[in-house]
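>>> Could you look at this predicted model? Sequence included:
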Amino acid sequence: MKALVINGPNLNMLGIREPGIYGSDNYDCLVQICQEAGAAQGFDEVEVFQSNHEGSIVDKIQEAYGKVDGIVINPAAYTHTSVAILDALKAVAIPAVEVHISAVETREDFRQVSYARLACFATITGEGLQGYAHALELLKEHLEK
Ligand code: CA2
């Protein structure tokens, strides 16, 4: 069983600024948490992808069709703007979990909208990088049903 973790713009900059919101761990830590959690959940493979470009994220979702069993996605700022990412998730119909490092529901009004959420069966917010481990756990449970 293969999981794909997709991260949107600026998440490769984790740990460099805004530790009060996103913590002090860097992107390599995020990748490690996903790999370890994926193995612990019994996934055969967890691919972790990051892009600053909306079209590249859409391409990655399309490429997952027929190859990936489940997706964990933090679209970052594209969460709040991208109908293209929503449409790609709907098009492939791969079970997906939305994850946000911060508690977006307690932040600015513009962060209250999530397009991607409309194509995800669960959303995790405010758990820091461990939210990715939680998302992989929910994904595995969902795929086993
Ligand atoms: O809380 C989350 O995971 C977010 O998806 C993170 C996005 C933000 O636009 C969303 O509203 C919530 C931002 C990701 C990267 O932001 C950084 C900012 C400064 C330094 C490092 C990363």
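Sure thing, it's come through.
>>> distance of Asn26 from Leu136?
Asn26 sits at a distance of 19 Å from Leu136 (criterion: CB to CB, to the nearest Å). Glycine gets a C-beta too; all of them are placed from N, C-alpha and C.
>>> Settle it for me: which of those two has more neighbours?
Leu136 (27 against 15; other CB atoms under 10 Å).
>>> wait, doesn't the more buried one sit right on Phe43?
Yes. The pair Leu136 and Phe43 passes the contact test of CB atoms under 8 Å, sitting 7.1 Å apart.
>>> Now the element after the lowest-mean-pLDDT helix or strand in the chain, going C-ward?
Between all helices and strands in the chain, the lowest mean by mean pLDDT, DSSP states H and E belongs to helix 19-22, at a mean of 91. Next helix or strand after helix 19-22 toward the C-terminus (DSSP states H and E): helix 27-41.
>>> So which residues on this protein come close to the ligand?
Proximity of the chain to the ligand (CB under 6 Å from any ligand atom) is limited to residues 10-11, 13-14, 16-18, 22, 74, 76-77, 79, 100-102, 104, 111.
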